[in-house]
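Visitor: Whatever this is, show me its structure:
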Amino acid sequence: MIRTQVFLPEETYQYLKIRALREKKPAAQVVREVLQAGMGQPVKKQNAGDTLLQLAKLGGKGPKDLSKNIDKYLYEE
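Guide: Prediction:
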């Protein structure tokens, strides 16, 4: 095995810790299992049109800074 380090958002880290405790496994094993499962499934990359459709479905209840940061919401991954 190769040792590596990753940065996780706080909520992802909390989910990882809870799942590891619930399954009585080390967090590293849970990460390996999730990555392995995800490798078998194709990743669907959204284009700007898909993102616009999702924003339209929000019915005016999107992020408050949407008009100022439209490029961020459309094109950032």
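Visitor: how about the nearest residue to residue 51, chain neighbours excluded?
Guide: In space, and not counting its chain neighbours, residue 51 is closest to residue 74: 5.3 Å by C-beta to C-beta, 6 or more residues apart in numbering. C-betas here are computed from N, CA, C, even on glycine.
Visitor: Residue 32: neighbour count?
Guide: 13 (other C-beta atoms under 10 Å).
Visitor: buried sites along the helix or strand where it lies?
Guide: Taking DSSP states H and E as the criterion, residue 32 maps to helix 27-39. Within helix 27-39, the residues that count as buried by 16 or more other C-beta atoms under 10 Å are 30-31.
Visitor: Quick check: residue 13 vs residue 64, distance?
Guide: The gap separating residue 13 from residue 64 is 26 Å, by C-beta to C-beta, to the nearest Å.
Visitor: the more surrounded of these two?
Guide: For residue 13 versus residue 64, neighbours defined as other C-beta under 10 Å are more numerous around residue 13 (13 against 8).
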